[in-house]
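Novice: sequence first, then the predicted structure:
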Amino acid sequence: MRPADAPAIETDGLTKRYGETTAVSDLTMSVDQGAVYGFLGPNGAGKTTTMRMLTTLTKPTSGSARVAGHSIAEREAVAPHIGYLPEDPPVYDELTGREQLEYAAGLRDIPEDEADERIQSLLERFDLRADANKRIEDYSKGMRQKVGVIQAVLHEPAVAFLDEPTSGLDPRAARTMRDTIADLADREMTIFLSTHILPVVDELADEIGVLHNGELVAEGDPETLKSRAETGDARSLEDAFLEVTREEPQHEGATAEPPLE
Ligand SMILES: Nc1ncnc2c1ncn2[C@@H]1O[C@H](COP(=O)(O)OP(=O)(O)OP(=O)(O)O)[C@@H](O)[C@H]1O
């Protein structure tokens, strides 16, 4: 048994290289159980690669990590304890929404009665009940996203990895998504949340990590991070984000020819 207060996610020098590209570089971080961790970073920073390593979908080049107390080197030990909503939710077009969720529940060995109850309640919550018996090929992007998130948390995993969960959602559905994430966190589910929508992170995250060029360049609770922004009176999370992910301008003349005499 792992200690009750062991971190939900712990990484040590986690690194992933693709040829010449270092997608994630020497990432060492820790996420408490039951926390909402906002994982931010500009396009190409390495967020998806990190999530793919933590969900055992891709192997690190070096370094290690534990998720829900298990090494990510042991996929079968980690898998039952995690849920993952990737950028493009893995759903079958030819199934109905309900069939997709029943299939996901079957893969997770959730007893049928329990699965039916949870599916029904989440379909209602996300306003999908009326469309539950339509095929997913006829769903909008937002409806697919809803099915994707429901199947990621249906088995009540210890840790849920959510990549852009509000993507494609209208304002009402986005609000439902935020409320659902908050409820799940209240029930001690750890949420590893990656999004470019900073107000969502500001509202939900207990802790924020900012990745830039594969490196963790800032970490802290939202207020601490905001107070780091030195951009004037309006100290928003956006200010802080822009500041810690600013590309340093190339030194003029560093590589230029020496001036002619
Ligand atoms: N399978 C791959 N093969 C080669 N390079 C890859 C692969 N996956 C990611 N990369 C590279 O690794 C870097 C990090 O990519 P990643 O998708 O993890 O970033 P991200 O932070 O999720 O970006 P975005 O916000 O745009 O989704 C990028 O330079 C990307 O081109």
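Specialist: Looks like it arrived, so ask away. Residues are numbered from 1 along each chain as shown.
Novice: please make it C-alpha for all contacts and neighbour counts, starting now.
Specialist: OK.
Novice: residue ranges for the helices of the stretch 1-150 of the chain, please.
Specialist: 47-54, 75-78, 97-107, 112-125, 141-153 (DSSP state H, counting those that start in this stretch).
Novice: got these as CSV, with distance to S167, mean pLDDT and mean neighbour count columns?
Specialist: Below are those laid out as CSV (distance: least, Cα to Cα, whole Å; pLDDT from 0 to 100; neighbours: other Cα atoms under 10 Å):
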stretch, distance to S167, mean pLDDT, mean neighbour count
helix 47-54, 15, 97, 22
helix 75-78, 26, 95, 15
helix 97-107, 18, 94, 19
helix 112-125, 17, 92, 16
helix 141-153, 7, 93, 23
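Novice: what about E248, distance to E215?
Specialist: To E215, E248 is 15 Å away according to Cα to Cα, to the nearest Å.
Novice: mind checking which of the helices of the stretch 1-150 of the chain is nearest the ligand?
Specialist: Nearest of the helices of the stretch 1-150 of the chain to the ligand, taken as Cα to the nearest ligand atom: helix 47-54 at 3.6 Å.
Novice: got the buried residues for the least confident helix or strand in the chain by mean pLDDT?
Specialist: Lowest by mean pLDDT, DSSP states H and E among the helices and strands of the chain is helix 222-228, with a mean of 83. Neighbour-count burial for helix 222-228 flags P222, L225, K226, R228 (criterion: 16 or more other Cα atoms under 10 Å).
Novice: quick check: the second one touching A240?
Specialist: Yes: here L225 lies in contact with A240, judged by Cα atoms under 8 Å, at a distance of 6.3 Å.
Novice: model confidence score at the residue nearest to R187 when sequence neighbours are not counted, please.
Specialist: Leaving aside its chain neighbours, R187 sits nearest to G34 (7.5 Å; criterion: Cα to Cα, 6 or more residues apart in numbering). You'll see G34 listed with a pLDDT of 94.
Novice: what sits against the nearest residue to P199 once chain neighbours are set aside?
Specialist: Once flanking residues are discounted, P199 sits nearest to L237: 7.8 Å by Cα to Cα, 6+ apart. Counting by Cα atoms under 8 Å, 6 or more residues apart in numbering, L237 touches L198, P199, D202, P222, L225, K226.
Novice: thinking again about what came up before, can you list the neighbours in contact with the least confident helix or strand of the chain?
Specialist: Taking Cα under 8 Å, 6+ apart as the rule, helix 222-228 contacts D202, A205, D206, E207, I208, A218, E219, R235, S236, L237, D239, A240.
Novice: need the residues you listed in a markdown table (columns: secondary structure).
Specialist: Below are those laid out as a markdown table (DSSP: H, G, I helix; E, B strand; the rest coil):
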| residue | secondary structure |
| --- | --- |
| D202 | helix |
| A205 | coil |
| D206 | coil |
| E207 | strand |
| I208 | strand |
| A218 | strand |
| E219 | strand |
| R235 | coil |
| S236 | coil |
| L237 | helix |
| D239 | helix |
| A240 | helix |
